[in-house]
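J.: Following is a predicted model, sequence given first.
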Amino acid sequence: ESISDKLSMEEFLVDALKGSVILGEPRNLACLAKTWKGGGLSPKGMDENEGVLLIEKLKAVDYEYREGVHWTKCPGLLGTGSFGEVYKMEDKQTGFQCAAKKVRVENFRAEELMACTGGVHAKVLPLYGAVKEGLWITLFMKLMEGGSLGQLLKQRGYLPEDRALDYLGQALEGLEYLHAHSILHGDVKADNILLSSDRSHAVLCDFGHAAHLHPDGMGKHLMTGDYVPGTETHLAPEVVMGKRCDSKADVWSSCCMMLHLLNGCHPWTQYYNHPLCLKIAKEPPPLREIPPSCHPSTAHLIKAGLEKDPARRASAAELRVKACAALEKVGGLKSPWKGEYRQPR
Ligand SMILES: CN1C=C[C@@](O)(C#Cc2ccnc(-n3nc(C(N)=O)c4cc(F)ccc43)c2)C1=O
């Protein structure tokens, strides 16, 4: 179909979807979500209820899906994502439980949904739907009973090398998939890695800082428009310098996360005060924070991911191969979970 046909098709779709909550497909949701930015504050908008649910177990009733009516928040906060708090929720009709992130309409970025409606991958947190109710947008997603890697790290102090390598490898698998679809995650860190109940599987979450990259791989200026950068200690030099960025920015962040997993503290913070962005731009990469006890192949892969020049930096795919090789070299995944608390270095 021609561009104009595609546009009119999309306009037709959105027109049909406005004002209702339906069981639909990811692309329906992507179209509707584009109309939510800034959210029409018309008086009707205050009580408007529209959206797309992607799984049967979340059941709209008469084209509505309202908090407290059709679903309820379970007590207790799971976590706080970019611009929103995350709760466990339960569908009143089916009893199905999942997680829900609530974002104010003025803080909502359609990219958060574009990133996870593009397709499904074992290392990316599945989206179960999104609904606008008045001035709030609720994003439904799979519940991960193992909690976040950030929470695990707080409990354990720092992780043994084999565990850190295994989680890094899984995160890089998810990044490889996103980068192949021209999506930059934008905030790779331990808090945005969620774990299965036995903590063996890890998935990427929180696409609140995601950006769509030019398919030709040409970098994109991030510090424009409504873009808000990710976590300062994990920002790549090209991001803090406002240069064009590409998927390599996520690779730098993944190695900052690796240092966080191995040391129990964020990089730069033991050596410099805020604002850190000047140091990140000026200073050499934080290679001195690689624990001396690390296997040489672990140190090598962190160096490859912390190259200041993104063109010389390894890609997610290349780094994942190095992480798998390093895990082999250290003897595979052996560390027990029991272990004692390790005082951060
Ligand atoms: C698919 N999708 C839709 C919205 C999304 O951008 C997000 C998120 C997000 C941010 C911070 N934290 C959590 N978070 N989720 C869970 C969970 N699903 O069980 C969770 C559990 C915790 F213990 C702590 C934080 C948690 C989830 C996204 O990725």
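T.: Yep, it's here.
J.: contacts, neighbours, all on C-alpha from now
T.: Fine.
J.: quick one: the helices in the stretch 51-200 of the chain?
T.: Residue ranges of the helices in the stretch 51-200 of the chain, as given by DSSP state H, counting those that start in this stretch, are 111-117, 149-156, 161-180.
J.: interface residues of the stretch 101-250 of the chain facing the ligand?
T.: On the criterion Cα under 6 Å from any ligand atom, the ligand has as its neighbours in the stretch 101-250 of the chain the residues 112, 116, 125-127, 139, 141-145, 147-148, 205-208.
J.: Give the full set of residues in contact with the spatially closest residue to A99 that is not a sequence neighbour.
T.: Excluding the flanking residues, the one nearest A99 by Cα to Cα, 6 or more residues apart in numbering is K88, at 4.5 Å. Residues counted as contacts of K88 (Cα atoms under 8 Å, 6 or more residues apart in numbering) are 73-78, 97-100, 143.
J.: ok, back up a step: same list (the helices of the stretch 51-200 of the chain) but as a markdown table, adding distance to I280.
T.: As requested, the helices of the stretch 51-200 of the chain are exported to a markdown table (distance: least, Cα to Cα, whole Å):
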| stretch | distance to I280 |
| --- | --- |
| helix 111-117 | 26 |
| helix 149-156 | 22 |
| helix 161-180 | 22 |
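J.: could I get the ones you listed as JSON lines with mean pLDDT?
T.: Putting these into JSON lines (pLDDT from 0 to 100) gives the following:
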{"stretch": "helix 111-117", "mean pLDDT": "86"}
{"stretch": "helix 149-156", "mean pLDDT": "96"}
{"stretch": "helix 161-180", "mean pLDDT": "97"}
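J.: TSV please, covering these and showing mean neighbour count.
T.: As requested, the helices of the stretch 51-200 of the chain are exported to TSV (neighbours: other Cα atoms under 10 Å):
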stretch	mean neighbour count
helix 111-117	22
helix 149-156	18
helix 161-180	23
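J.: For this structure, which segments count as strands?
T.: Here the chain has its strands, by DSSP state E, at 21-23, 49-53, 71-81, 84-91, 97-104, 127-133, 136-141, 183-184, 193-195, 202-204, 211-212, 220-221, 244-245.
J.: weakest of these in terms of mean pLDDT?
T.: Mean pLDDT per stretch puts strand 220-221 lowest among the strands of the chain, at a mean of 86.
J.: tell me which strands and helices it is in contact with?
T.: For strand 220-221, the elements it packs on are strand 244-245, judged by 3 or more Cα pairs under 8 Å, 6 or more residues apart in numbering; DSSP states H and E.
J.: elements contacting the strand it packs on?
T.: With contacts taken as 3+ Cα pairs under 8 Å, 6+ apart, strand 244-245 sits against strand 220-221, helix 237-240.
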